[in-house]
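Colleague: could you look at this predicted model? Sequence included:
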Amino acid sequence: MDAICSAIRVGKERAAEMLGIGPRKLDMLVAEGRVPKCKIDGSAGFLVADLEKFANDNRVFIKN
């Protein structure tokens, strides 16, 4: 398994990197309710499963 996906929960910088976007864009997606943010034991972050679901649900296939 790739090191970037070995965690269950990641921070904002890593989550943005995984989605291929910047942290500010991720903040916008969270504010719009499109990407869920969770708290575990008082520490906020993003579940990798939620990021994968967002990516799969929002992908667009491009024809060459």
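Modeller: Great, that's in hand.
Colleague: name the helices or strands packed onto the strand or helix carrying residue 53?
Modeller: Under the criterion of DSSP states H and E, residue 53 resides in helix 48-57. Other elements packing on helix 48-57 under the criterion 3 or more CB pairs under 8 Å, 6 or more residues apart in numbering; DSSP states H and E are strand 9-10, helix 12-19. Backbone N, C-alpha and C define where each C-beta goes, glycine included.
Colleague: right, and the ones you listed - which one's nearest residue 38?
Modeller: In terms of CB to CB, the element of these nearest to residue 38 is strand 9-10, at 7.0 Å.
Colleague: show residues contacting the helix holding residue 53.
Modeller: The contact list for helix 48-57 (CB atoms under 8 Å, 6 or more residues apart in numbering) reads 5, 7-10, 15, 18-19, 29, 34-36, 38.
Colleague: cool, stretch 14-27 as well?
Modeller: 4-5, 7, 10, 12-13, 29, 35, 45-46, 48, 51, 54-55.
Colleague: try it again at 7 Å.
Modeller: 4, 10, 12, 13, 35, 46, 51, 55 (CB atoms under 7 Å, 6 or more residues apart in numbering).
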